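Undergrad: Give me coordinates for this.
(chains A and B, ligands or ions: 2)
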2 protein chains.
Amino acid sequence: MWNMKQLAYGALARRANQIKDELRQGVRKPYKEVIDVFQGDLHGAGMKPLTFVRQVLAACVYPPLINSNNLPLDVRQRAQKELGRCVGGSVGSYSAAAGIPEIVHSISEFIKRRDGGIPSHPENIYISPGSQWSISNILNVLVNREASPRTGVLIPVPCYNITVLSITQLGAVTVPYYLSEEQAWALQVEELQRALESAKGVCSPVALYVINPGNPAGYVQSQKSVQEVIRFAWEKRLFLLVDELYQDCVYGENCEFVSYKRTLSEMGPPFSGTVELASFHSVSKGFLGECGLRAGYVELVNLDPAVMKHIHTIFSKDSCAPVLGQIALDLMTDPPKPGDPSYPLYKQVGPENCTLVINSLPGFSCPPLEGGLFAFPRLNLTPKAVQKAKVTAEMQEDPDTFYCTRLLEEGGVFTSPGWEYGQKEGTYHIRFCIAAPQDIMEELLRRLSSFHMTFMKDFS
Amino acid sequence: MWNMKQLAYGALARRANQIKDELRQGVRKPYKEVIDVFQGDLHGAGMKPLTFVRQVLAACVYPPLINSNNLPLDVRQRAQKELGRCVGGSVGSYSAAAGIPEIVHSISEFIKRRDGGIPSHPENIYISPGSQWSISNILNVLVNREASPRTGVLIPVPCYNITVLSITQLGAVTVPYYLSEEQAWALQVEELQRALESAKGVCSPVALYVINPGNPAGYVQSQKSVQEVIRFAWEKRLFLLVDELYQDCVYGENCEFVSYKRTLSEMGPPFSGTVELASFHSVSKGFLGECGLRAGYVELVNLDPAVMKHIHTIFSKDSCAPVLGQIALDLMTDPPKPGDPSYPLYKQVGPENCTLVINSLPGFSCPPLEGGLFAFPRLNLTPKAVQKAKVTAEMQEDPDTFYCTRLLEEGGVFTSPGWEYGQKEGTYHIRFCIAAPQDIMEELLRRLSSFHMTFMKDFS
Ligand SMILES: Cc1ncc(COP(=O)(O)O)c(C=O)c1O
Ligand SMILES: Cc1ncc(COP(=O)(O)O)c(C=O)c1O
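TA: Numbering: from 1, shown residues only, chains lettered A, B, ... in the order given. Ligands and ions are numbered 1, 2, ... in the order given. The predicted structure follows:
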């Protein structure tokens, strides 16, 4: 799977870069610049970073700014405070492997507030260089490479594909459970059950990976659904890997993010004290969108002390997460409060990021978007169109890759094909980030509609 | 080995932190603050970061600074240039997995200049979040977990201990070769030969790890010695893992850093086209000392294309290295030139970092320091002192751990015991970073001498 993905991504990304270069060199195209909504990269998609975050980081990097009157007082005070937590007062020092202790503490306070007072313990929290790092390293602990049959991990379809890569790289087997597109990508326990049965004789499943809110599909699980998943994990003794990166990106009507940790705790015994859980979060998404800083955290619940010790060793081996990323985590989990000079600067960009941009596109079908940063509309191609796309496409590539390639070439919009995330046989999707600024989103939709009309005409 | 190390490090570090807290709370001690020379952490040890580097990074983080007249023109231009290389013009975007292409290119130019014009190819260079990350991930490619007998890696004794941890975590076996303390820690081919023989029946060695300049011992290999090692690797078909993080820290008389890559290339066929080599470097050491930014690179030479592809996949799995760290790599490998406004600011701190601080300490013996950031003097304890230390120490810990603990308690100097890096049976060492500013180093030596006298008196 990965090799193919590599090719597709490689080819599309290379072509996108070429086109960008050509445009810079004055080559004429039907568009003046490429709209890059391929990744969930907010700044790449044109969002402005939060002023407060960037000011604090700048003052930490170059401390003479702390004495300058050009920055708001609370920014300068905050930078001073963060530097006081760094070894030698410099962001250039290593921190403790698990992260700067005060920041780990502030993360635990954030979790506690978020979860209505349910305690969170700093010693269960590890900061890492991006959450992808911690996802693959926790997987590393769960997967026994010598096991026969091999270790299995249940994954949703569609699924964030880098996690799939991490699982297969470790020599484990992915066991797909299909989200129900017809029911707005709902996660159904019967389907988990079916997936688990399907693993019999193939591998030995030890963990269940959940993404909530979703990526690539933009669903938000209800608390009832979360409870069902927890009960299932408890019954089947599965370790719960919950990717909650998009917890701040919820905008669907009547949708609310409720964490697995909170739900687990509220369910009480026997669940609350036994189900093993790892919850991931990051500065890459949410309202910060700071992917390039590389910092995330994992909170671990109900793990055996011996396993925790092993995890500690693993999290020590590459030394610490980038200190500036750690500080951004602190700003995310302990933000300015109303009344602070920077509070308006902080809120300024936030809400837009998570605005629902569009639901129905011509020729596409898409359940209402509830959360996350992506639209994953279904591309309704007639069998004839599919056939024609297959034949026309070089190397017999998937019809959705073909669609994305043409959309890039002709429409100047850089998206990704659904098969990279997994999709039901015979269905096609495209994924794009919906967090670009309003004007860019409008332009994107204009280009998409117009391209789509031509495409449907050409291939029908 | 690691578990013990954990304990020792954990206990010493915890105690160092406690003491720091006690001092802050006004508890009276024979010293006013702890001198922390435990890690090779320049800023932690009191060095100031380079102004040019910090100014550029601050302007990249907070671009309005690019328009401010408070920063030198070349800083602002450089920041502009670096942002032009970031997706969406923001350090908050993901970069390509191997690193920002222009920065990878500038690293290859740096290597070429360093190596007297021998070409370096960008496609063989990968940027990672710290060099430790790339060391453990290249090891991951070399180690076959299913192999029987297990995969072996030759390591020097003494050795930077995190690499030892990475090797054992992967299920591989370390095969120690002893550096000759009597000959200023020279690496002798006969000893490599002996080590390789010793592995027979135990494991199957595939790689040879070399640290040059050294850590913890402060040697610099001559080019003749490098040639011998390359010839040995060629004969025995060993992959060369060369840790060249301290390449800018050479200060011994008649010492010069000559890279393995250059030497290999100059040796010509059959060596130059066959010996597989990975060379590591980082912004953590050298004159930048920016450990907290987490960025390093590896250059790979003579690798099979199939292996390179595998490495590409591995380096993609945690997405990219921190973008600010990548920019720091660019500033390191493409620094201001004489005549640029920031050239003086850039050079200001450099040389001091690598000054030889002291050679002979009372009661210690230490070959002349040639390079690197550490002193690793031998602690000459009489057998009686060893015995007494062992008996007095709780839990029968090693005499050198005992020594370091007392030095911390009574002298307020935080160092680490030699056994953590490996040492010949019956010998004892301590390691400390010599890159602290002049005044701190002088105070350190005063405290060390005075503590040492008392210790020797108490335990004789
Ligand atoms: C669902 C999900 N998990 C994890 C990640 C990794 O994020 P990071 O490593 O930047 O924290 C992403 C990034 O797009 C994601 O979408
Ligand atoms: C010899 C050696 N190699 C590798 C490293 C890791 O450096 P980093 O991961 O900070 O680049 C260190 C750090 O002290 C070191 O001394």
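Undergrad: and the residue of the stretch 351-460 of chain A nearest ligand 1?
TA: A:Leu373 (7.6 Å; C-beta to the nearest ligand atom). Glycine gets a C-beta too; all of them are placed from N, C-alpha and C.
Undergrad: Chain B contacts on the stretch 51-200 of chain A?
TA: A:54-55, A:57-59, A:61-62, A:65, A:68, A:70, A:86-95, A:129-130, A:132-133, A:136, A:145-146, A:162, A:165-166, A:169 (C-beta under 8 Å from any C-beta of the partner chain).
Undergrad: Just the buried ones out of those, please.
TA: A:54-55, A:57-59, A:61-62, A:65, A:86-95, A:129-130, A:132-133, A:136, A:162, A:165-166, A:169 (16 or more other C-beta atoms under 10 Å in any protein chain shown).
Undergrad: From the residues you listed, which land in helices?
TA: A:54-55, A:57-59, A:61, A:132-133, A:136, A:162, A:165-166, A:169 (DSSP state H).
Undergrad: Can you tell me which of the residues you listed is nearest ligand 1?
TA: Using C-beta to the nearest ligand atom, those come closest to ligand 1 at A:Gln132, 3.3 Å.
Undergrad: For B:Phe414, see how far away the closest one is.
TA: For A:Gln132, the distance to B:Phe414 equals 34 Å [C-beta to C-beta, to the nearest Å].
Undergrad: residues contacting the residue of the stretch 1-150 of chain A at minimum distance from ligand 2?
TA: Ligand 2 sits closest to A:Tyr94 of the stretch 1-150 of chain A, with a gap of 7.1 Å, by C-beta to the nearest ligand atom. With contact set as C-beta atoms under 8 Å, 6 or more residues apart in numbering or on different chains, A:Tyr94 has these partners: A:Val87, A:Ser319, A:Cys320, B:Gln39, B:Asp41, B:Gly44, B:Ser284, B:Cys291, B:Gly292.
Undergrad: looking at those, which has the most residues close by?
TA: Per-residue neighbour counts (other C-beta atoms under 10 Å in any protein chain shown) across the contacts of A:Tyr94 peak at B:Gly292, which has 34 neighbours.
Undergrad: what about the residue nearest to that one when sequence neighbours are not counted, how many neighbours?
TA: Distance criterion C-beta to C-beta, 6 or more residues apart in numbering or on different chains; nearest residue to B:Gly292, sequence neighbours excluded, is A:Val323 at 3.6 Å. Neighbour count for A:Val323, taken as other C-beta under 10 Å: 33.
Undergrad: so what's A:Val323 up against?
TA: A:Val323 neighbours (C-beta under 8 Å, 6+ apart): A:Cys86, A:Val91, A:Gly92, A:Ser93, A:Ser95, A:Ile100, B:Gly292, B:Leu293, B:Arg294.
Undergrad: now the first one, nearest residue through space, not along the chain?
TA: Counting by C-beta to C-beta, 6+ apart, A:Cys86 lies nearest to A:Ser93, which is 5.7 Å off, once chain neighbours are set aside.
Undergrad: residues touching A:Ala278, list them.
TA: A:Ala278 sits in contact with A:Ser134, A:Ile138, A:Phe239, A:Leu240, A:Leu241, A:Val242, A:Val298, A:Glu299, A:Leu300, A:Val301, where contact means C-beta under 8 Å, 6+ apart.
Undergrad: Just to be sure, the fourth one is in a strand?
TA: Yes: applying DSSP: H, G, I helix; E, B strand; the rest coil, one finds A:Leu240 inside a strand.
Undergrad: if we can go back for a sec, just the closest of the contacts of A:Val323 to A:Leu264, please.
TA: A:Ile100 (27.4 Å; C-beta to C-beta).
Undergrad: which SSE is the spatially closest residue to A:Glu370 that is not a sequence neighbour in?
TA: Distance criterion C-beta to C-beta, 6+ apart; nearest residue to A:Glu370, sequence neighbours excluded, is A:Gly252 at 2.9 Å. Counting by DSSP states H and E, A:Gly252 is held by no secondary-structure element, helix or strand.
Undergrad: measure A:Gly252 to A:Gly116 for me?
TA: 21 Å.
Undergrad: if you count what's nearby, which of those two comes out ahead?
TA: The neighbour comparison of A:Gly252 against A:Gly116 (other C-beta under 10 Å) goes to A:Gly252, with 18 against 11.
Undergrad: what pLDDT does that one get?
TA: Looking at A:Gly252, its pLDDT is 84.
Undergrad: And A:Val220, by the same measure?
TA: 95.
Undergrad: any idea how far it is from B:Leu73?
TA: According to C-beta to C-beta, A:Val220 and B:Leu73 sit 50 Å apart.
Undergrad: so what's A:Ser259 up against?
TA: A:Ile111, A:Arg114, A:Asp115, A:Val242, A:Glu244, A:Gln247, A:Ser279.
Undergrad: Next step: these restricted to helices.
TA: A:Ile111, A:Arg114.
Undergrad: what does the domain assignment say about chain A?
TA: The record's domain parsing of chain A by automatic domain parsing lists A:7-47+A:349-458, A:87-333.
Undergrad: Neighbour count for A:Val220 and B:Leu73, which is higher?
TA: The neighbour count for A:Val220 versus B:Leu73, taken as other C-beta under 10 Å, is higher for A:Val220 (25 against 11).
Undergrad: my guess is the more buried one is in a strand, correct?
TA: No: counting by three-state DSSP, A:Val220 is not part of a strand but coil.
Undergrad: Within the helices and strands, which one has the closest residue to A:Cys291 other than its chain neighbours?
TA: On the basis of C-beta to C-beta, 6+ apart, the spatially nearest residue to A:Cys291 that is not a chain neighbour turns out to be A:Ser284, at 4.2 Å. For A:Ser284, there is no enclosing helix or strand under DSSP H and E.
Undergrad: what about A:Ser284, distance to A:Asp36?
TA: 16 Å.
Undergrad: re earlier: how close does the residue nearest to A:Glu370 sit to A:Tyr260?
TA: 19 Å.
Undergrad: that older thread, I'd assumed A:Leu83 was in contact with the residue nearest to A:Cys86.
TA: No: between A:Ser93 and A:Leu83 there is no contact under C-beta atoms under 8 Å: 10.4 Å.
Undergrad: need the contact list for the residue lying closest to A:Asp398 once chain neighbours are set aside.
TA: Nearest in space to A:Asp398, with sequence neighbours left out and distances taken as C-beta to C-beta, 6+ apart, is A:Trp419 at 4.9 Å. By C-beta under 8 Å, 6+ apart, the residues touching A:Trp419 are A:Asp398, A:Asp400, A:Thr401, A:Tyr428.
Undergrad: all strands for the stretch 251-400 of chain A, in order.
TA: Shown for the stretch 251-400 of chain A, the strands assigned by DSSP state E, counting those that start in this stretch span residues A:277-282, A:296-301, A:364-365, A:374-375, A:378-379.
Undergrad: Which one, of those, ends up nearest to B:Gln227?
TA: Of the strands of the stretch 251-400 of chain A, nearest to B:Gln227 by C-beta to C-beta is strand A:296-301, at 44.7 Å.
Undergrad: Is the closest one in proximity to chain B?
TA: No: Strand A:296-301 lies out of reach of chain B by C-beta under 8 Å from any C-beta, never closer than 10.3 Å.
Undergrad: Please enumerate residues in contact with that strand?
TA: A:99, A:104, A:107-108, A:111, A:120, A:124-135, A:138, A:245, A:261, A:264, A:275-284, A:308, A:311, A:321, A:329.
Undergrad: make it 6 Å
TA: By C-beta atoms under 6 Å, 6 or more residues apart in numbering or on different chains, the residues outside strand A:296-301 that reach it are A:107, A:124-128, A:130-131, A:134, A:277-282.
Undergrad: Would you give the sheet partners of that strand, along with the direction of each?
TA: strand A:125-128 (antiparallel), strand A:277-282 (antiparallel) (DSSP bridges).
Undergrad: contacting residues around the first one?
TA: Under the contact criterion C-beta under 6 Å, 6+ apart, strand A:125-128 has outside partners A:98-99, A:104, A:107-108, A:134, A:296-299, A:315, A:321, A:326.
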